[in-house]
Each structure stands twice: as C-alpha cells, then as structure tokens.
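Engineer: just need the structure, nothing else, for what follows:
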Amino acid sequence: MLCLTGLSVALAALALVPSFSDAWKGGDCEVCVSFLGRLYQSLQDNNVKFTSTDIEKALVETCKDAKGKENRFCYYIGGTNDAATKILNEISKPLTYHTPVDKICEKLKKKDSQICELKYDKQVDLSTVDLKKLKVKDLKKILEEWGESCKGCAEKSDFIRKINELMPKYAPNAAKARREL
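Structural biologist: Just a heads-up that it's a prediction; the model follows:
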C-alpha cells in the first residue's frame, strides 16, 4: 500500500510540471515558421532533392536575399557570412524527413530562444493612414521596405512628399485609394 501511495504522489507531481509543448503557443516563432514554411514550399516547387546538403545550400541562398527580421533569423541560425554559430543542420536534417516547420522551430527555440523572439513589424496600411501622424522613423521604414532612400530630406514633409511620389510605383492600390478619398 505504501508503495502504491508513493507512485501516486510521483505521478501527481509529474502532471503538475508543465512540458515544453504546453508552453508552446501558436503565435510563437512567427518569423521562423514563416521563413522555413516558404523555404520548404520553394524546395518542393523546384523539385529539390531533400538531402541535408541540398537543403543547406538552398537555405544559405535564401538567406542572401533576406532582409529585416528574416535576415536576423538567418544570422541566428548561421545562414549569413557574418554569423558566429552554425545550426543549419538543426533545420536541414529534420526537413529531409519532412518534419513540420513549427516542430523544427520548437526545437530551435530550445537551442536559442532569440529565434522565437523575432516578430515581424506591423504593416502600415498606406491607403488609410495619415502620413503626417507617423514618426519620421516609420516614414523612413516605408521607404526602406521599397528599397528607396530620401537623399536631402531634412524634414518630415520631405519624407511624406517622397512617399507620395513613389506610392503609385510601389503601392498602386493604396495610391488609388488615397486619390479617391
């Protein structure tokens, strides 16, 4: 009887300890899940062999074009030239077995928690936003996303003018909606 009671206490204690999967939230690792999901889809679309070396080559190639938070993700996993560590095999090996990307990201979180702390910046709806109410930092970010810069811009109004000039080229639907207002 005493042995059974000890077993019951041990099982009850184990039930109270949260497991890693209990702590995993669907919104975690937003950048990781999105980036690896697109990578996996491109590998399938291009009929790439699912071998570790081919996946790592594709990953490094994809990381060359990454910008912003995705570039930071590539740095953390070792997909950039200046990265201090390389954990590419933690991605390539599970992908050879077609492991779901959220499970891969869950394992990467155990290796480096910074990977899952990355979040995409909120997108500004250019069709409805009042550009005059945005900070200069946000206006610069819009231009940067478009791959443009505003040389000679000293004041907020200069950045707004430049965005309004370029909006038909980079965000035609937003430009059209703004003209209709």
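Engineer: care to break this structure down by domain?
Structural biologist: Using the TED database, the domain parsing of the chain gives 30-117, 136-180.
Engineer: moving C-terminal of the helix or strand bottoming out on mean pLDDT in the chain, what's the next helix or strand?
Structural biologist: Using mean pLDDT, DSSP states H and E, the weakest-scoring helix or strand in the chain turns out to be helix 20-23, at a mean of 39. Following helix 20-23 in sequence order, the next helix or strand is helix 30-45 (DSSP states H and E).
Engineer: so which bits of that following helix are buried?
Structural biologist: Neighbour counts over helix 30-45 (16 or more other Cβ atoms under 10 Å) mark Glu30, Val31, Cys32, Val33, Ser34, Phe35, Leu36, Leu39, Tyr40, Leu43 as buried. Yep, even glycine has a C-beta here, placed from its N, CA and C like the rest.
Engineer: give me the helices and strands touching the helix or strand following that helix, please.
Structural biologist: For helix 30-45, the following helix or strand on the C-terminal side (DSSP H and E) is helix 52-64. Applying 3 or more Cβ pairs under 8 Å, 6 or more residues apart in numbering; DSSP states H and E, we find helix 52-64 packed against helix 30-45, helix 69-77, helix 89-96.
Engineer: average pLDDT for the first one?
Structural biologist: Read it as helix 30-45. In this model, helix 30-45 carries a mean pLDDT of 95.
Engineer: relative orientation of that helix and helix 89-96 in degrees?
Structural biologist: Put simply, helix 30-45 runs at 50 degrees to helix 89-96, going by axes from the mean of the first three to the mean of the last three Cα atoms, to 10 degrees.
Engineer: can you report phi and psi for Val129?
Structural biologist: Per-residue torsions, Val129: phi -70, psi 140 (degrees, to the nearest 10).
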